[in-house]
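1. how would this look folded up:
(chains A and B)
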Amino acid sequence: MRQGLRQSMAWLHAWSGLVVGWVLFAVFVTGTASYYKAEISQWMRPELGAVQADPVRSADLAAAFLKGKMPDAAGWYIELPKPEEPLITVHWWKSLEGPFHQALLDPETGAPTKARATKGGDFLYRFHFELSMPPMLGRYIVGACALVMLVALVSGIVTHRRIFADFFTFRRGKASQRNWLDAHNVTGVLALPFHLMIAYTGLVTLAPMYMPWGVQTAYKGDEIRFFVESGMMPEMRAPAGRPGELASVGAMVATATARQGEAPEGIGIYNPGDAQASVVATFEEPHGLAHLHPQIAFDGATGAVLATNGGVRAAATTSAVMVGIHEAHFAGPALRVLFFLCGVLGAATVATGLVLWTVARTPKGAREAGLGLRLVRILNLGTIAGLPVAVAAYFLANRLLPVDLAARAEWEVGAFFAAWLLVALFGAARAEARAWPEAFAAAALLFCAVPLVSAATTGAHPFAAGARFVGFDLAMLALAAGFAFAARKAGRGVLDTARRRAARTPAEEAFQA
Amino acid sequence: MNPAVTLLNLVLCFAGFGALALSLDRHHRDALGSRVPAGRVLPLRLAGWCLILASLAVAIAFEGANFGPVQWIGALTGAALLVVGLASYRPAWLRPAALSALPLGILLLPVVLAG
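-> Now for the predicted structure:
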């Protein structure tokens, strides 16, 4: 059969979108939440006050802690406290193959923090590109889905007949398939630059991992050399092989701060117990689109400056700009809201597309839906309604689980997956028409409960003067309102369909078929 | 980054998209009860595109050639979403809202210049 370009693109769009839709929805939701990763982490550790930590003192405290943990480590890494995350995060490892250990320290005392154990916003952030799977596997799956998303985007643009004429068109109250198509088109087209950007730059972010062969071939096993030559790392020294004493890391932080005009965000200490230890201060700047991370390397034994990373040329800058735009660390509060909105539109595009796929294939009249269609419906509900419920459950678990529970952070993640599974099973057992409004109503109730439970358990009135989490609470209430609206719409859609079925004339029936 | 600049970007894009929506028969009919008069299409489209380009100019002038376009594209999405919402749910408000966006933009100017 000969088909026009548009029909074949429509086929490609429908099937490529379906195959990756569920994963993409999860990636969009968790990625969008990650624009507020720091705020989420802050909310999930309510014990931490707003501390103005001293980076010099923090670095010395962290180094003392790490020396107690693993003096002969291959490396330590210290993330210095930030206003939005007033904690020192330390990592240490014996070999680059792992295992990598981690601890959160109080910037005042240098002892492990007394804040409740939680993965915070980091869990959603890592889920965004690792799906809670073994990291490499998760990244490959997300990368494959992003690749197919680009296919779906381009074929979708070709399929869309009237991008400009229907740019503002969202017809309410028309036949349901038309409605879903309008919603899919509007959410897809209005944020199209964002969708294209985020899929492409997402791939670029992990491209060196997906396609390591160029660097492997050119540098023959010495891949560190690649990072040094491309200006992304300063020159490092090999260990001397004899023990040495590490000078004050705090003093090196002070020197680095003086040279760069601001405190570094992190300090890497390589071969800390060796006479030729290296200490590298990494900065979160320039504060431009590009994420370049200037670095200064120190001699660990003397504290003298050894090297800085070289000038970054066009290719590396291009890649850094793409990573920078993807992560949007540069965005101020107003622009961040727009990025968040675009992310929500992305999730909505995927969700409406998935629902549209089933609506367009629903058999007319009294014929039963086939197995494939029923499976897609169940997966749709399980993903589109299940994931928001899971996120709300994750936040609620953070407040409801006992603070001193063993493996508490893992229990929070357990609550996330348990809630998700519960909604998916509920959707499989319940009639579709009832399941959607009920699952959305559950999401609305749970998001509404988050600020209330938080107020009850932390004893802080959510809207008291000077309350720290007003923004978070309002966001939860806005999400609750959004899901309540969706529940109402879904409930009414059920009635409309029933009414229309009853009222449909034979002529219409024939036309529809 | 100055939130007032983001707001001004949004306001200009909103007015621009409002004019573009009103240059289309469907939305003109919903908003004003008639098809677009023949002589009105071109002026509305010109005004729309000029306002959207003005928003880009403002973004680049105040946020630089690197952040400016990023912010402008974000504002395009946000403003277009508002226009779609109005066109579908409150079409009668589309014209007054787009027109009142212009004085709002002028009111924002001193804040933008001061920031």
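
2. contacts, neighbours, all on C-alpha from now
-> Noted.

3. Give me the distance between the longest helix seen in chain B and the centre of its chain.
-> As assigned by DSSP state H, the longest helix anywhere in chain B is helix B:41-89. Relative to the centre of its chain, helix B:41-89 is centred 5 Å away, using C-alpha atoms, centre = their mean, to the nearest Å.

4. what packs against it?
-> Packed against helix B:41-89 by the contact rule (3 or more C-alpha pairs under 8 Å, 6 or more residues apart in numbering or on different chains; DSSP states H and E) you find helix A:176-190, helix A:333-361, helix B:3-22, helix B:25-32, helix B:94-114.

5. from these, which stretch is densest packed?
-> Highest mean neighbour count among these (mean count of other C-alpha atoms under 10 Å in any protein chain shown): helix B:3-22, with a mean of 27.

6. Do it and chain A come into contact?
-> Yes. Judged by C-alpha under 8 Å from any C-alpha of the partner chain, helix B:3-22 and chain A are in contact via B:3, B:6, B:7, B:21.

7. farthest pair in the residues you listed?
-> Within the residues of helix B:3-22 next to chain A, two members stand farthest from each other by C-alpha to C-alpha: B:3 and B:21, at 26.4 Å.

8. ok so, going back, got the angle between the longest helix of chain B and helix A:333-361?
-> Calculated by axes from the mean of the first three to the mean of the last three C-alpha atoms, to 10 degrees, helix B:41-89 forms an angle of 70 degrees with helix A:333-361.

9. Could you pull up the mean pLDDT of helix B:41-89?
-> For helix B:41-89, mean pLDDT rounds to 95.

10. Enumerate the residues of chain A near chain B.
-> For chain A, the residues in contact with chain B (C-alpha under 8 Å from any C-alpha) are A:165, A:168-172, A:190-191, A:193-194, A:288-289, A:331-335, A:338-339, A:341-342.

11. Let's verify residue A:76: helix, strand, or coil?
-> strand (DSSP: H, G, I helix; E, B strand; the rest coil).

12. again with residue A:296
-> Residue A:296 falls in the strand class when you classify it by three-state DSSP.

13. residues making contact with stretch A:170-180?
-> With contacts defined as C-alpha atoms under 8 Å, 6 or more residues apart in numbering or on different chains, stretch A:170-180 is touched by A:182-183, A:186, A:352-353, A:355-356, A:359-360, A:497, B:84, B:87-88.

14. Residue A:90 - nearest residue in space that isn't next to it in sequence?
-> Excluding the flanking residues, the one nearest residue A:90 by C-alpha to C-alpha, 6 or more residues apart in numbering or on different chains is residue A:78, at 4.6 Å.

15. so what's the one you found up against?
-> A:59, A:62, A:88, A:89, A:90, A:91, A:266, A:267, A:268.

16. Export the helices and strands packed on helix B:41-89 as JSON lines, with columns for mean pLDDT and distance to residue A:102.
-> As requested, the helices and strands packed on helix B:41-89 are exported to JSON lines (pLDDT from 0 to 100; distance: least, C-alpha to C-alpha, whole Å):
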{"stretch": "helix A:176-190", "mean pLDDT": "90", "distance to residue A:102": "40"}
{"stretch": "helix A:333-361", "mean pLDDT": "94", "distance to residue A:102": "29"}
{"stretch": "helix B:3-22", "mean pLDDT": "95", "distance to residue A:102": "37"}
{"stretch": "helix B:25-32", "mean pLDDT": "92", "distance to residue A:102": "57"}
{"stretch": "helix B:94-114", "mean pLDDT": "91", "distance to residue A:102": "45"}
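
17. Let me have the ones you listed in JSON lines, adding distance to residue A:244 as columns.
-> Formatted as JSON lines, those follow (distance: least, C-alpha to C-alpha, whole Å):
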{"stretch": "helix A:176-190", "distance to residue A:244": "59"}
{"stretch": "helix A:333-361", "distance to residue A:244": "46"}
{"stretch": "helix B:3-22", "distance to residue A:244": "51"}
{"stretch": "helix B:25-32", "distance to residue A:244": "76"}
{"stretch": "helix B:94-114", "distance to residue A:244": "56"}
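
18. right, and those helices - which one's nearest residue B:45?
-> Of all the helices and strands packed on helix B:41-89, helix B:3-22 comes closest under C-alpha to C-alpha, at 5.4 Å.

19. tell me what the closest one is packed against?
-> Packing partners of helix B:3-22 (3+ C-alpha pairs under 8 Å, 6+ apart): helix A:333-361, helix B:25-32, helix B:41-89, helix B:94-114.

20. Apply 7 Å and report the result again.
-> Applying 3 or more C-alpha pairs under 7 Å, 6 or more residues apart in numbering or on different chains; DSSP states H and E, one finds that helix B:3-22 contacts helix A:333-361, helix B:41-89, helix B:94-114.

21. And these: which comes nearest residue A:258?
-> Closest approach to residue A:258 among the helices and strands packed on helix B:3-22 is made by helix B:41-89 (27.5 Å; C-alpha to C-alpha).

22. still on that earlier bit, if I look at the residue nearest to residue A:90, what pLDDT would I see?
-> Residue A:78 is given a pLDDT of 96.

23. separation between it and chain B?
-> 29 Å (C-alpha to the nearest C-alpha, to the nearest Å).

24. Check residue A:384 too.
-> 21 Å.

25. what sits against that residue?
-> If you count contacts by C-alpha atoms under 7 Å, 6 or more residues apart in numbering or on different chains, residue A:384 has them with residue A:351.

26. any weak-confidence spans in chain A?
-> Low-confidence segments of chain A, defined by pLDDT under 70: A:1-2, A:50, A:173-175, A:285-286, A:460-467, A:493-513.

27. And the residue nearest to residue A:90, how close does it get to residue A:266?
-> Going from residue A:78 to residue A:266 by C-alpha to C-alpha, to the nearest Å gives 5 Å.

28. same thing with residue B:73?
-> With C-alpha to C-alpha as the criterion, residue B:73 and residue A:266 are 32 Å apart.

29. cool, residue A:236 as well?
-> In terms of C-alpha to C-alpha, residue A:236 sits 17 Å off from residue A:266.

30. Likewise for residue A:391?
-> Going from residue A:391 to residue A:266 by C-alpha to C-alpha gives 30 Å.

31. Okay, strands next: where are they in chain A?
-> According to DSSP state E, chain A carries its strands in the segments A:75-79, A:88-93, A:100-105, A:266-270, A:278-282, A:295-299, A:305-308.

32. Format those as JSON lines; extra columns: distance to residue A:408.
-> Shown next, in JSON lines, are the strands of chain A (distance: least, C-alpha to C-alpha, whole Å):
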{"stretch": "strand A:75-79", "distance to residue A:408": "23"}
{"stretch": "strand A:88-93", "distance to residue A:408": "18"}
{"stretch": "strand A:100-105", "distance to residue A:408": "15"}
{"stretch": "strand A:266-270", "distance to residue A:408": "27"}
{"stretch": "strand A:278-282", "distance to residue A:408": "32"}
{"stretch": "strand A:295-299", "distance to residue A:408": "36"}
{"stretch": "strand A:305-308", "distance to residue A:408": "41"}
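
33. Can you say which of those is packed in most?
-> strand A:278-282 (a mean of 27).

34. contacts for that strand?
-> In contact with strand A:278-282 (C-alpha under 7 Å, 6+ apart) are residues A:256, A:264-271, A:293-300.

35. what about 8 Å?
-> The set of residues external to strand A:278-282 that reach it, using C-alpha under 8 Å, 6+ apart, is A:236-237, A:249, A:253, A:256, A:264-272, A:293-300.

36. Quickly list the domain ranges of chain A.
-> Using automatic domain parsing, the domain ranges for chain A come out as A:1-44+A:118-231+A:314-361, A:55-116+A:233-311, A:365-513.

37. Not counting its neighbours along the chain, what's nearest residue 75?
-> The chain I'm using is chain A. residue A:270 (4.4 Å).

38. actually chain B
-> The nearest residue in space to residue B:75 (C-alpha to C-alpha, 6+ apart) is residue B:10, at 4.9 Å.
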